[in-house]
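# Sequence first, then the predicted structure, then my questions.
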Amino acid sequence: MRYERLWERLLEFLDEWATVTEVEPGRLRVVVDGADGTLRVVEILMSRQEWDDMVSIPFGDFAPAADEVRRAVLALTDDQRYLVYENYELVPSTTPVLPVDPEEERLAELARRHPEGFGRWVAIDWDGNVVDELGPPRS
């Protein structure tokens, strides 16, 4: 596949089923007509490069990546107005900032409490012999 004009193609795709405006670089406003006649405004926070990455890395083609954007827009709940790019996907959010991941917050708290580190990484061969270790010294 040739990865040309991906951003422009995304805007054209969005305009086929919604009204899209590039408010500023990396910020798209998408207005969708609801089934009940109401308008739904969604903002997508994603740069051109992030869109290129989303198309080329997890999807490998424009069509499935664009379909995922449509699915994400239409799946938002009433309190979610934003889709924020993170690691090849659009994450629903109530604010333009990514919601805090509880697991990441838990790991950050553990790291604050244990600056010396916790746990060990150990690589073993097929016979069960330790071939490499990483982490604090064994007690």
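Perfect, I can see it now. Keep in mind it's a predicted model, so treat the numbers as computed, not measured.

# residue boundaries of the helices in this structure?
With helices called from DSSP state H, the chain shows them at 6-17, 48-54, 62-75, 102-113.

# need those in JSON lines with distance to residue 128, can you?
For the C-beta atoms, the positions are set from N, CA and C on the backbone; glycine is no exception. Formatted as JSON lines, these follow (distance: least, Cβ to Cβ, whole Å):
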{"stretch": "helix 6-17", "distance to residue 128": "48"}
{"stretch": "helix 48-54", "distance to residue 128": "40"}
{"stretch": "helix 62-75", "distance to residue 128": "43"}
{"stretch": "helix 102-113", "distance to residue 128": "29"}
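
# Nearest to residue 33, out of those?
Closest to residue 33 of these is helix 6-17 (Cβ to Cβ; 9.0 Å).

# Okay, now the unreliable bits of the protein?
Counting by pLDDT under 70, the chain has low-confidence residues at 1-3, 118, 135-139.

# And residue 130, how far from residue 73?
50 Å (Cβ to Cβ, to the nearest Å).

# okay, the helices of the chain in CSV with mean neighbour count and distance to residue 42 next?
Shown next, in CSV, are the helices of the chain (neighbours: other Cβ atoms under 10 Å; distance: least, Cβ to Cβ, whole Å):
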stretch, mean neighbour count, distance to residue 42
helix 6-17, 15, 10
helix 48-54, 17, 16
helix 62-75, 16, 5
helix 102-113, 10, 24
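
# wait, which of those is closest to residue 26?
Residue 26 sits nearest to helix 48-54 of all the helices of the chain, at 7.7 Å, using Cβ to Cβ.
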